[in-house]
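J.: Could you look at this predicted model? Sequence included:
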Amino acid sequence: KKKKTPETTVMAGMHKNKKILVSFTIALLVGVILGTVVQTQFNLLALQEIGVQIGVEARISATLHDLGSFAPVYGILFGVSFLVSQLAAAGFSRLMGPGWRSPLCALAGGAGLWVALATVNAMLPMPTLIAATRSPGGLIAMLLSGVFAGWLFARLTASRKEASGLNTVPAVAICCLAVGLGWQPGLVKAQSVASYSVETLVSGLEHPWSLAFLPDGGALVTERAGRLRRISADLELSQEPITGVPTVFNDAQAGLFDVLLSPDFETDQEVFLAYACGTASANHLCVARGQLQGMALKDVVEIFRAKPAKQGSAHYGGRMAWLPDDTLIVTLGDGFDY
């Protein structure tokens, strides 16, 4: 038997640390991917429950989109919780023995994610950061992705002796406990009353946001992408948008929002628009006024801009209404974190 030298000890330690780092990275990536897929599928399920038809192509497209946009954000949240939870699991496994390492890592993965979700939801403004966790099933599925990531990390870093001596019964029991952490009473849903029918009057619009009915029986409709369209009294959609609309910042929830006619529209032909303006790094909710002349807005003037500027493209508000004294009011969102 060869005697260990300081050099071989150092090399063994470096090899072990490298194995832990690679295993942690793999388990973290798997947890992020699983959590992202779960988030997407539960969001799509919620849409299907209200009657939205989602095909396989749309499902795949939404999943790939979320892997590119949601996964990096979720990766930060899950990464921090996973690092802390696995360090805690390592400490407890030294006290309880190597046979408990796998179930402890699994439990820590789920429990750490649960604590992180609860903390973030308590600190950030509404709505819930991860929509899938609003339902008991979605929260449980998210936690199970953390449980699996923790178990995977334990398996990848286990020695042969530890792997052969893992106790399956405690692992199953503790994973069930992790699932139980996410259980909540079921959501109360309103009873459905089939006292109405849905009829499509106009199609071909991209994210229609608001309608303003014209005196001649037609209507103006905003598209979030920044276009103002006109619908005739016989329900024909104009081929071209109305010109003269101010420049709109269009991204995610940002875009052209409400359209409102002046109380004296038949006399002054004035139209009011609420919209997102600016850039991704500095944007506002803005309100502009213009005069409708056929298929064009003339003399457009910005009359309001929410300040200070904010980053991101969420939670603008943007609804407008008239008070009895002809005062114009507009709703403002919280900007998500402002």
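T.: Perfect, I can see it now. Numbering: from 1, shown residues only.
J.: Show me where the stretch 201-338 of the chain dips below the pLDDT cut-off.
T.: 337-338 (pLDDT under 70).
J.: What segments of it are helices?
T.: Residue ranges of the helices in the stretch 201-338 of the chain, as given by DSSP state H, counting those that start in this stretch, are 265-268.
J.: what about L211, neighbour count?
T.: Using other CB atoms under 10 Å, L211 is surrounded by 13 other residues. The way it works is simple: take the backbone N, C-alpha and C, and place the C-beta from them, glycine included.
J.: mind listing what it touches?
T.: 219-221, 259 (CB atoms under 8 Å, 6 or more residues apart in numbering).
J.: please redo it, this time with the cut-off set to 6 Å
T.: L211 is in contact with 219, 221, counting by CB atoms under 6 Å, 6 or more residues apart in numbering.
J.: Start at 825, not 1
T.: Will do, 825 is the new start, and the previous item becomes L1035.
J.: how near is it to D1082?
T.: 10 Å (CB to CB, to the nearest Å).
J.: which other helices and strands contact whichever helix in the chain runs longest?
T.: Longest helix of the chain, by residue count under DSSP state H: helix 830-873. Helix 830-873 sits against helix 880-920, helix 960-981, with contacts defined as 3 or more CB pairs under 6 Å, 6 or more residues apart in numbering; DSSP states H and E.
J.: Check the offset of it from the chain's centre.
T.: 21 Å (CA atoms, centre = their mean, to the nearest Å).
J.: for it, what is the average pLDDT?
T.: On average, the pLDDT along helix 830-873 is 80.
J.: thinking again about what came up before, which one of the helices and strands packed on helix 830-873 is the most hemmed in?
T.: Mean neighbours per residue, mean count of other CB atoms under 10 Å, is largest over the helices and strands packed on helix 830-873 for helix 960-981, with a mean of 23.
J.: Report the rounded mean pLDDT for that one.
T.: On average, helix 960-981 scores 88.
J.: how far out from the middle of the chain is it?
T.: Distance of helix 960-981 from the chain centroid (CA atoms, centre = their mean) equals 20 Å.
J.: The stretch 975-1124 of the chain: strands as residue ranges?
T.: 1032-1037, 1043-1047, 1051-1055, 1080-1085, 1094-1102, 1107-1117, 1120-1129 (DSSP state E, counting those that start in this stretch).
J.: Give me the residue at the spatial middle of this structure.
T.: With distances taken as CA atoms, centre = their mean, I954 lies nearest the centre of the chain, 5.8 Å away.
J.: How about the contacts made by D1075?
T.: D1075 touches S1137, counting by CB under 6 Å, 6+ apart.
J.: If we use 10 Å, what do you get?
T.: 1048, 1100, 1103-1104, 1107, 1136-1138 (CB atoms under 10 Å, 6 or more residues apart in numbering).
J.: who does it bridge with?
T.: A1078 (DSSP bridges).
J.: So for Q1063, which of the helices and strands packed on helix 830-873 sits nearest?
T.: Among these, the nearest to Q1063 by CB to CB is helix 880-920 (27.0 Å).
J.: and of the contacts of D1075, the nearest to F866?
T.: Of all the contacts of D1075, F866 sits closest to A1138, with 19.8 Å by CB to CB.
J.: tell me how far stretch 862-882 is from the chain's mean position?
T.: Distance, centroid of stretch 862-882 to centroid of chain: 14 Å (CA atoms, centre = their mean).
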